[in-house]
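Curious how this folds, go ahead:
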Amino acid sequence: MFRPRSAPRAGAMPLLTALAIASVAGASSGPAAPATSTPVPPPKDRAYPGAIQLSVDASDLERRIVHVHETLSGVGPELILLYPKWLPGTHGPQGPIDRLAGIRISAQGKALSWMRDPVDVYAFRVHLGPGTQSVDVDFDYLSPTSGRVGPAELSRDVLFLEWNALVLYPAGYFVRQIPIEAAVHLPEGWQFGTALETVSAGAAEAKFGRTDLETFIDSPLYAGRYVARFDLDPGSAVPVRLNLFADQPQFLHVTDEQLQAHRALVQQAYRLYGARHYAHYDFLYSLSDQIENKGLEHMQSSEDGTDPESFTKWADYAYDRDLLPHEYTHSWNGKFRRPADLWTPNYNLPMQDSLLWMYEGQTQYWGQVLAARSGLWSRQQALDMLAYTAAYYQLEPGRAWRALEDTTNDEIINPRRPMSWRDWQRFEDYYEEGQLFWLEADTLIRERTGGAHSLDDFAHAFFGIDDASRTIVTYTFDDIVRTLNGVLPYDWAGFLHQHLDSVGRPAPLEGLERGGYRLVFTDTPAEIEQKREAAQHRVDLRFSLGIEIDDKDHPGTLRAVVYDGAAFKAGLTEGMRIVAVNGIAYEADVIKDAIRAAKDGHAPIELIVRVADRYRVAHVDYHAGLRYPHLERTGSGPALLDAILAPRS
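Residues are numbered from 1 along each chain as shown. So this is what the prediction gives:
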């Protein structure tokens, strides 16, 4: 947006009238440049003179309509209200403004007129009467009622509230300078969890203490009919709590062994980072197939979700147990220490994501390391999960044209909408490929210092500053390089640029080799992968035929096709459904048997596939058998990777 050459004078004609006159006057000379609105005032680091009183009614579980009422004092003489657009943790413009309805703004019971800004549709210009000092805002947030609209946020037994979706706030101020007090009305008898300080909690309403808008939005609320809480750091002056919200009460059973692994997570994180940046911490953990299973970080809490039976069938759901270590790590990396270009003073200025390879990539690394060190994973499970990551990036074709650093823009380009060729587009590789090159950095430090130093020392120096402080400290590329050089003098800038800027470079597997392992393939999947396939009703043939099959609702449906793989060359695409394999009705075992049989022959595998109401025959010319990734010891050099995964005492 830009400011007009001269600001409108008092009493100037309305904008729509001026546009109409300009349209007539310029009719003979073609279209004129469109007029623009006055820019929304930028945020300033000054105290907001009033406060927001927010009341949220989330008790309508059947219709999933959340009723919002807020009172803003200290307004005038002009008021522009903003709806949060750029959301921390999602790294992109994902504010769900399309779900607002019934907006009414009033003062002393009298309706005020408002207009959405024609350029910035997340801004609402309110026409205040003389002397107006406070306004009331009412609207409904229409939470998704079906998967067609979006993932469920409210169900009959569990809900979560993202405060950013439920508040309008005044433009012109840093959000940390806007005071807010909130209350929430929940279904009677429900319990809740949040990092907010609770002032009172009655049978149906909870009230929270005054805080600033930045802290408030960073402290979501989970609630449910069936809830269990566990102290993960008994006796500590800084509590860490595991809050479980389940569809049914039997899913809340947690064994002593499971609890000890979660307690060990807290202690291993403290040994790694050497400081904490919260007054207390709450894992808000849903065990539900009714609402969205999330993973979203906050300074003093995290939103986590997984299958309802993740505790009661512990052995079957190991594949997802790095979720909590990942989101917990973000309290240090991403929330307390944050990329300088990702921090903004309010939620309506654009973010830049250039350092997500650090924010998410190193968090992905530490999340899996902490899963192993705490006992949430065994060492073998951690190795098996790492093998699948390495194999994916060894296979991935998109690296031939796209640099890793460019993928840090993906949350802005495509906020996780479905994609037909994810591996060719190279989507969000800064997570797991970032993990691989941070492993390379760790093993490099260990090798060159004879085990005296490691990436642990970097984490302690980088994230362990200002113990107990919750004031955000930003970082730049140079800060990362400087801290790495403090651990081991080396050309770290060149190291990082080689991984971030190169196109066509092989997958970064040097960390595995230096760690004492190599990637191999066998015809049998790892146990943790077998459990994942069974739990998710999927058949993973990415490393053989080049397909992944979803058998949950419509067996044989292609969930993904590897770009330029064997199935791709036969004309298969995501969304097709396999009906028969070599003339036999599709089943998972049937297609696996066909792959085994083709290894000893020359005839292609014949697939009958359905696309909408059409059928076709595809001949897949593949003869290398079933292939599943594993890591095996090289037999030479120390097993640095084993040392990395071992718990710290």
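
which ones are touching Ser288?
Contact analysis of Ser288 by C-beta atoms under 8 Å, 6 or more residues apart in numbering lists Ser155, Asp157, Val158, Phe245, Ala246, Asp247, Gly305, Pro308. To be clear about C-beta, it is placed using only N, CA and C from the backbone, and glycine gets the same treatment.

Does Asp384 touch Lys531 like I think?
No - if you go by C-beta atoms under 8 Å, Asp384 and Lys531 don't touch, sitting 10.5 Å apart.

Quick check: closest non-adjacent residue to Arg379.
Take Arg379 and drop its neighbours on the chain: the residue closest to it by C-beta to C-beta, 6 or more residues apart in numbering is Leu645, 5.3 Å away.

On the pLDDT front, check that neighbour for me.
On the pLDDT scale, Leu645 is placed at 98.

count of neighbours near it?
If you count neighbours by other C-beta atoms under 10 Å, Leu645 ends up with 23.

just Gly209 next, same as before
Around Gly209 there are 11 residues (other C-beta under 10 Å).

Make sure I have this right: it is in a strand.
Yes - assigned with DSSP: H, G, I helix; E, B strand; the rest coil, Gly209 falls within a strand.

dump the residue contacts of the residue nearest to it when sequence neighbours are not counted.
For Gly209, ignoring the flanking residues on the chain, the nearest one in space by C-beta to C-beta, 6+ apart is Glu197 at 4.1 Å. Applying C-beta under 8 Å, 6+ apart to Glu197 gives the contacts Phe208, Gly209, Thr211.

in the strand or helix carrying Arg104, what counts as buried?
Secondary structure assignment for Arg104, by DSSP states H and E: strand 100-107. Buried residues in strand 100-107, counted by 16 or more other C-beta atoms under 10 Å: Leu100, Ile103, Ile105, Ala107.

I'd like these as CSV, with pLDDT and distance to Arg263 appended.
Shown next, in CSV, are these (pLDDT from 0 to 100; distance: C-beta to C-beta, whole Å):
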residue, pLDDT, distance to Arg263
Leu100, 98, 42
Ile103, 98, 46
Ile105, 98, 49
Ala107, 96, 52
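
Closest one of those to Pro629?
If you rank the buried residues of strand 100-107 by distance to Pro629 using C-beta to C-beta, Leu100 comes first, at 46.0 Å.

my guess is the closest one contacts Tyr141, does it?
Yes - counting by C-beta under 8 Å, Leu100 touches Tyr141, with 6.5 Å between them.

Give me the neighbour count for Tyr141.
22.

could you dump the buried residues of strand 100-107 to JSON lines with distance to Leu272?
As requested, those are arranged in JSON lines below (distance: C-beta to C-beta, whole Å):
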{"residue": "Leu100", "distance to Leu272": "42"}
{"residue": "Ile103", "distance to Leu272": "46"}
{"residue": "Ile105", "distance to Leu272": "49"}
{"residue": "Ala107", "distance to Leu272": "53"}
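
And these, which two are furthest apart?
Leu100 and Ala107 (20.1 Å).

And the strands in the stretch 351-500 of the chain?
Using DSSP state E, counting those that start in this stretch, the strands found in the stretch 351-500 of the chain span residues 473-475.

Please enumerate the helices of it.
Here the stretch 351-500 of the chain has its helices, by DSSP state H, counting those that start in this stretch, at 356-359, 361-374, 379-395, 410-413, 422-425, 432-448, 455-463, 477-487, 492-501.

I'd like to know which elements the fourth one is packed against.
The one in question is helix 410-413. Counting by 3 or more C-beta pairs under 8 Å, 6 or more residues apart in numbering; DSSP states H and E, the packing neighbours recorded for helix 410-413 are strand 92-93.

Figure out how far the strand holding Arg104 is from the centre of its chain.
The chain centre lies 31 Å from the centre of strand 100-107; the measure is C-alpha atoms, centre = their mean, to the nearest Å.

re earlier: for Asp384 and Lys531, indicate the residue with more neighbours.
Asp384 (22 against 18).

Once you drop chain neighbours, what's closest to that one?
Spatial nearest neighbour of Asp384, chain neighbours left out: Ala526 (3.8 Å); criterion: C-beta to C-beta, 6+ apart.

so how far is Lys552 from the one you found?
Distance, Ala526 to Lys552, by C-beta to C-beta, to the nearest Å: 21 Å.

Mind checking which of those two has more residues around it?
Taking other C-beta under 10 Å, Ala526 and Lys552 do not tie; Ala526 has more neighbours (21 against 10).

check contacts around that one.
Ala526 sits in contact with Asp384, Ala387, Tyr388, Tyr628, Pro629, His630, where contact means C-beta under 8 Å, 6+ apart.

So among those, which ones count as buried?
The neighbour-count criterion (16+ other C-beta under 10 Å) marks Asp384, Ala387, Tyr388, Tyr628, Pro629, His630 among the contacts of Ala526 as buried.

Save those residues as TSV, and put in distance to Tyr517 and pLDDT too.
Shown next, in TSV, are these (distance: C-beta to C-beta, whole Å; pLDDT from 0 to 100):
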residue	distance to Tyr517	pLDDT
Asp384	11	98
Ala387	9	98
Tyr388	14	98
Tyr628	16	98
Pro629	11	98
His630	9	98
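
Out of those residues, which is nearest to Val135?
For the buried ones among the contacts of Ala526, the nearest to Val135 is Tyr388 (53.8 Å; C-beta to C-beta).

Low-confidence bits of this protein, can you list those?
Within the chain, the ranges that satisfy pLDDT under 70 run 1-28, 35-36.

Domain-wise, how is it divided?
Using automatic domain parsing, the domain ranges for the chain come out as 42-212, 337-516+640-645, 527-628.

show me the contacts for Gly89.
Shown in contact with Gly89 (C-beta under 8 Å, 6+ apart): Leu296, Glu297, His298, His330, Gly334.

Quick check: which element contains it?
Here Gly89 is covered by no helix or strand, with elements defined by DSSP H and E.

what's the spacing between it and Arg448?
Using C-beta to C-beta, one gets 35 Å for the distance from Gly89 to Arg448.

doesn't Tyr388 make contact with Asp529?
Just to correct that, residue 529 is Glu rather than Asp. Yes - assessed by C-beta under 8 Å, Glu529 is found in contact with Tyr388 at 6.6 Å.

To Pro34, which of the helices of the stretch 351-500 of the chain lies closest?
Among the helices of the stretch 351-500 of the chain, the nearest to Pro34 by C-beta to C-beta is helix 410-413 (25.0 Å).

Report the buried residues of the closest one.
Within helix 410-413, the residues that count as buried by 16+ other C-beta under 10 Å are Asp410, Glu411, Ile412.

Could you find the closest non-adjacent residue to the last one?
Yep, that's Ile412 we're talking about. Gly92 (4.8 Å).

quick one: contacts for the one you found?
Contacts of Gly92 by C-beta under 8 Å, 6+ apart are Trp86, Met351, Asp353, Glu411, Ile412, Pro415.

Pick the one among these closest to His67.
Among the contacts of Gly92, and counting by C-beta to C-beta, the member closest to His67 is Trp86, at 25.6 Å.

rewinding a little: can you redo the contacts of Ala526 as JSON lines with distance to Ser288?
Shown next, in JSON lines, are the contacts of Ala526 (distance: C-beta to C-beta, whole Å):
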{"residue": "Asp384", "distance to Ser288": "27"}
{"residue": "Ala387", "distance to Ser288": "30"}
{"residue": "Tyr388", "distance to Ser288": "26"}
{"residue": "Tyr628", "distance to Ser288": "31"}
{"residue": "Pro629", "distance to Ser288": "31"}
{"residue": "His630", "distance to Ser288": "33"}
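
still on that earlier bit, mind putting the contacts of Gly89 into JSON lines with secondary structure?
As requested, the contacts of Gly89 are exported to JSON lines (three-state DSSP):
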{"residue": "Leu296", "secondary structure": "strand"}
{"residue": "Glu297", "secondary structure": "strand"}
{"residue": "His298", "secondary structure": "coil"}
{"residue": "His330", "secondary structure": "coil"}
{"residue": "Gly334", "secondary structure": "coil"}
